[in-house]
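Chemist: quick one, what's the 3D model for this:
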Amino acid sequence: MAVPLTVRAIFAACLILGLAWAVGIGCGSEQKPVSKKAAEFRTRALSLLVNAKKRLGPLASQDKQDQLRQAMRDLYKDSVANNQALPCGVGILGDNGKALMAAFPDPKAKGGLMVVDGGKDYSQYDKVKQAINSRGNAHFTLYTSDGAVYMICSPLNENRRTGAICLAFFEVTLRDELGVSDEDFASLNFN
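Modeler: The predicted model follows:
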């Protein structure tokens, strides 16, 4: 039985529209950031995160605190020199969610960087626990006593060591200094 030409044309048009929707919108295509600043932020954040993970990951243990402190300072100094610096904290979390060490820009500190041994305890946050155990980078917002903190974490799953390297941005910094809205941050893909 022959199918009329109009039915075949309608079927073909529906098939093409369905495929275009699936490829362009529905099947996991990465959403475009709402703003150009968000795209620039993503690029800089990923660069800093990759560099931090490579340099700090192997030193993520209590017995390497002196080496870790120096590596934090070198990471910050090099990121400034390479125009990759971001106004954020960089932290190393152990497998329990507690910070082994953290650093953040501070113009009053030596070299413009405050390094803190054993920073905050994030162990009560489920999103931090999930980030430590994930296979890829995770980003989420934590609501702490200091206000909203926007986190980007990359798990350390090497040499039987677990934990994460995290970048932490305060709301004012992310929104006002970097021009990235809550919606932009939520829509970005850091993998």
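Chemist: tell me the buried residues in the helix or strand hosting residue 70?
Modeler: Secondary structure assigned from DSSP states H and E places residue 70 in helix 65-81. Neighbour counts over helix 65-81 (16 or more other CB atoms under 10 Å) mark 68-69, 71-73, 75-76, 79 as buried. The way it works is simple: take the backbone N, C-alpha and C, and place the C-beta from them, glycine included.
Chemist: contact partners of stretch 108-121?
Modeler: Outside stretch 108-121, the residues that touch it by CB atoms under 8 Å, 6 or more residues apart in numbering are 65, 69, 72-73, 76-77, 80, 91, 97-106, 144.
Chemist: what's the closest non-adjacent residue to residue 65?
Modeler: residue 117 (6.2 Å; CB to CB, 6 or more residues apart in numbering).
Chemist: equivalent analysis for residue 98, please.
Modeler: residue 121 (4.9 Å).
Chemist: can you count the residues close to that neighbour?
Modeler: When neighbours are defined as other CB atoms under 10 Å, residue 121 has 13 of them.
Chemist: against residue 97, how distant is it?
Modeler: 7 Å (CB to CB, to the nearest Å).
Chemist: going along the chain, name the strands of the chain.
Modeler: For the chain, applying DSSP state E gives strands covering 89-94, 99-105, 113-117, 138-144, 147-155, 163-170.
Chemist: now these in TSV, with mean neighbour count?
Modeler: Putting the strands of the chain into TSV (neighbours: other CB atoms under 10 Å) gives the following:
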stretch	mean neighbour count
strand 89-94	25
strand 99-105	21
strand 113-117	16
strand 138-144	16
strand 147-155	21
strand 163-170	24
